[in-house]
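# The sequence and its predicted three-dimensional model are supplied below.
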There are 2 protein chains.
Amino acid sequence: MRFELTKDFLAELRVAVQTQNETWIIQHVLGLHFADIAEILGELDNNQARYIYYLLEEDVQADVLMELEEEIRDRLLKSLSSKEIAEQLENLDSDDAADILGELSDKEIQEVISQMEDDEAADDIVDLLNYDEDTAGGLMQKEFIQARLDWPVDRCIVELRRQAEDVEKVYTIYVIDNSNKLVGFLSLKRLLFAKPKTKISDLYQSKNMIAVKTTDSSEEVARVMDKYDLVSVPVVDFQNKLVGRITIDDVVDIIKEEADKDFQLASGISEKVEANASIWRISRSRLPWLLIGMLGGILGAQVISSFEGNITAIPALAFFIPLITAMGGNVGVQSSAIVVQSLAKGNQLEKIITKVGKEASLGLFNAMICSSIIFGISYLFENLKLAIVVSISLFIVILFAAINGTLIPLVLNKYKIDPALATGPFVTTLNDVLGLFIYFTISLFIYHM
Amino acid sequence: MRFELTKDFLAELRVAVQTQNETWIIQHVLGLHFADIAEILGELDNNQARYIYYLLEEDVQADVLMELEEEIRDRLLKSLSSKEIAEQLENLDSDDAADILGELSDKEIQEVISQMEDDEAADDIVDLLNYDEDTAGGLMQKEFIQARLDWPVDRCIVELRRQAEDVEKVYTIYVIDNSNKLVGFLSLKRLLFAKPKTKISDLYQSKNMIAVKTTDSSEEVARVMDKYDLVSVPVVDFQNKLVGRITIDDVVDIIKEEADKDFQLASGISEKVEANASIWRISRSRLPWLLIGMLGGILGAQVISSFEGNITAIPALAFFIPLITAMGGNVGVQSSAIVVQSLAKGNQLEKIITKVGKEASLGLFNAMICSSIIFGISYLFENLKLAIVVSISLFIVILFAAINGTLIPLVLNKYKIDPALATGPFVTTLNDVLGLFIYFTISLFIYHM
């Protein structure tokens, strides 16, 4: 029932495109869902993709354009005239159209807008371009359905039929008063089953009305829609006038982007980089983290060199350097990850503090197990004295790492810095240097006792 | 317009609960959205939460119950009688009711089910309990709206009105043939604006009909709903008969859980653990990773000890051990994160191979920059020979780490193991040991030249 893109299909398709076998393409591609067609175009080179794109019906072209990955869309847009782009935009929802326009230069935007025939649609898109793309205003679309408090159901249905032509998906009807202020909502289901002469004011719901402001951040919009399980949310301006709506599909994208960003930060990659960016550009998002790691390594070298006498006397001390740094890093990252997730869920500080307490006792527990094991192994490996140094050091390093791992994200968060930074090379590097210092200081004590 | 949970509010609320000030609670809490009430209960202790819970209206109680975090809900459920739980379940959608029942023991489930008055609802819930919770069957609800091909619009509206009482949110009407097979869908909007005598068979859409099977995994359901931008998806059995539907709010939860899991794996935490789990239970999800790290540390010690002569001769070699291991770890994690994200997006192997190529050249670039810097620093720090050893080693270590980081997730994925494992302590540990070996082997060559 669902289409699946296979290697064989792609091979056949490439032959069909090369031999310009339109019959095959019409039969196998044009009937597919636009999301599938977009997936297929993503696997083709530019000329092949363009060939298929021009075979599509106009409204399917627009949908496919929207579903394409950004870099592939950019390439395709470059090969379209501003007239062609303008036609596509008229087939799209205003938010999608604004997103596509946003990828063009100011000069191109002007050209495309001037080619649009539907002035109202053009106005909507231009208006949306004014909002910051990371706010509710930048996410919203101008297509939504609204009813006035004083309409009866039958008039409402007539009006809605007119409005609904522009609105692809209707989930909720927003109810406004005479000054366009949002006062509540009405489900289509309720409207469908109401008597023709009932007034909207007797049908609509105002309790549990959730709206966002144009200036709310996209993360806030995602949080609100997730918390209240909404499929669409109305957007109001500072006077509480209804100006747009945001649908759940855009928010799913935000949630995924947020998760990707956290995952990348935890892996030491700082900014989102397009896959087709230059090596230099990609490197910019990673090199800073590597340099932090290097700095840590150099500080570590400094710490060890200040204990050079120890190493000359007992070279076996050097054997366990990687163990000490690796364990400090691993424990620190584990603890910080728990705090970062807790912060991301918007937990209250009190609850987080309970978590920190738990992390501390867990650190103690893990430290005991790990240092007992290493005591046994290093005793067999070398001698009792070294075993004592390594196990005591490991114990203290694990404890410190657990504490650092929990405190650093909390501090970052307090200063409005993304706490996910802490799970990356940052906390690992700090724990490396601290761990080495603890290890060699303890060795100094034990061997000079 | 939206409620925000503040410290002050919580303090006032606690006083009101302690003094049993019902007026305050009715005024400030009972009018809130159920998601907000659930958030508030999450911050209270068990007795306080129960006190407020019993003040709520019955249908709000059910909604709040569903929104509570799992551990808080479990505590609350324990203090309810099976009769009370049965009443709550009847106010919930079948999928939510089944989720709650799933948290109880078999004996409790039987008791609760026997107390339910609505037999049809009880049957639906029992049926849902048969499906694996990580499949479409385990996610779906039995409440959906269906219309037959041969109905006219007016009959359809009458039938739907009857069905719709059970269905909280209607997005799409599913259209079935005479043998209950799913053949297409119809938007409420289309139904609303159709003439009374039009047949459903003339209105419904069969193109772009997307459905999932009961046995599809929840990840697959999430992927499909995200790809096709669906707010609800019908679920069919092996005979293509319509048996349920899944709504977007459940899928948003899956997407978030998936992201959390990846983030945790990358941080060396293996299974989801409830916040109220015992220390021993939490430790089980982390200790294995720490032991892998320890094993790496011990292998590292073995590698260094086999080069003990080098260290005795040139103690300064030990200084740069942390630098070598840290850089190998950082670079490896960065590269594997990129591949893991690419795999998660379902990219074709061809595209991933392009990425691997890019990672390799990026590795080369970063290796050149980092090793040039470290050459200068270690030259100033120690001497030319050591600088040559450290910089050449670092160059090779970074290259190897980048290659390992890209290949390991690909190999894991090939053997159906979650590639996100690779971004955790796994790849770091491997790179540590390999890096040390490279470093000391090179030092042997250079110093004996």
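Nice, I can see it.
# in what helix or strand does the most centrally placed residue in chain A lie?
For chain A, the residue lying nearest the average C-alpha position, counting by C-alpha atoms, centre = their mean, turns out to be residue A:257 (1.5 Å). If you go by DSSP states H and E, residue A:257 is part of helix A:248-266.
# What are the buried residues along that helix?
Of the residues in helix A:248-266, those with enough neighbours to count as buried (16 or more other C-beta atoms under 10 Å in any protein chain shown) are A:248-252, A:254-256, A:258-266. Where C-beta positions appear, they are placed from N, C-alpha and C, glycine not excepted.
# check these against chain B, which are close?
When C-beta under 8 Å from any C-beta of the partner chain is applied, the members of the buried residues of helix A:248-266 adjacent to chain B are A:248, A:249, A:251, A:252, A:255, A:256, A:259, A:260, A:262, A:263, A:264, A:266.
# Closest one of those residues to chain B?
Each of these was scored against chain B by C-beta to the nearest C-beta, and residue A:259 proved nearest at 3.2 Å.
# dump the residue contacts of that closest one.
Residue A:259 makes contact with B:255, B:256, B:259, B:260, B:262, B:263 under the criterion C-beta atoms under 8 Å, 6 or more residues apart in numbering or on different chains.
# do that again at 10 Å, thanks
For residue A:259, the set of contacting residues under the criterion of C-beta atoms under 10 Å, 6 or more residues apart in numbering or on different chains consists of A:344, B:255, B:256, B:258, B:259, B:260, B:262, B:263, B:341, B:344.
# need these in JSON lines with pLDDT, can you?
Formatted as JSON lines, the contacts of residue A:259 follow (pLDDT from 0 to 100):
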{"residue": "A:344", "pLDDT": "75"}
{"residue": "B:255", "pLDDT": "85"}
{"residue": "B:256", "pLDDT": "84"}
{"residue": "B:258", "pLDDT": "82"}
{"residue": "B:259", "pLDDT": "81"}
{"residue": "B:260", "pLDDT": "81"}
{"residue": "B:262", "pLDDT": "79"}
{"residue": "B:263", "pLDDT": "77"}
{"residue": "B:341", "pLDDT": "79"}
{"residue": "B:344", "pLDDT": "75"}
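# and the residue of the stretch 301-449 of chain A nearest chain B?
residue A:323 (2.7 Å).
# Need phi/psi at residue A:205.
Summarising the backbone geometry of residue A:205 under the convention degrees, to the nearest 10, its torsions are phi -110, psi 130.
# Find the nearest non-adjacent residue to it, please.
residue A:184 (5.4 Å; C-beta to C-beta, 6 or more residues apart in numbering or on different chains).
# chain center to the lowest-mean-pLDDT helix or strand in chain A, what's the gap?
Comparing every helix and strand of chain A by mean pLDDT, DSSP states H and E singles out helix A:188-192 as the least confident one, with a mean of 79. How far helix A:188-192 lies from its chain's middle: 35 Å, per C-alpha atoms, centre = their mean, to the nearest Å.
# For the next helix or strand after it, buried residues please.
Along the chain past helix A:188-192, the next helix or strand (assigned with DSSP H and E) turns out to be helix A:200-203. By neighbour count with 16+ other C-beta under 10 Å, helix A:200-203 contains the buried residues A:200, A:203.
# Please, where are all the strands along the stretch 1-150 of chain A?
Secondary structure of the stretch 1-150 of chain A, counting by DSSP state E, counting those that start in this stretch: strands at A:146-148.
# Around chain B, pick out the residues from it.
Taking C-beta under 10 Å from any C-beta of the partner chain as the criterion, the neighbours of chain B within the stretch 1-150 of chain A are A:1-3, A:5-7, A:10, A:31-36, A:38-39, A:42-43, A:63, A:66-67, A:69, A:145.
# Among these, name the buried ones.
Counted by 16+ other C-beta under 10 Å, the residues of the stretch 1-150 of chain A next to chain B give A:3, A:5, A:32-36, A:38-39, A:42-43, A:63, A:66-67, A:69, A:145 as buried.
# Those: which two are farthest apart?
The span of those, defined through C-beta to C-beta, is set by A:43 and A:145 at 37.7 Å.
# which stretches of chain A have low pLDDT?
Across chain A, the stretches falling below the confidence threshold (pLDDT under 70) are A:1, A:168, A:270-277, A:346-350.
# re earlier: nearest spatial neighbour of the residue of the stretch 301-449 of chain A closest to chain B, skipping sequence neighbours?
Nearest in space to residue A:323, with sequence neighbours left out and distances taken as C-beta to C-beta, 6+ apart, is residue B:297 at 2.7 Å.
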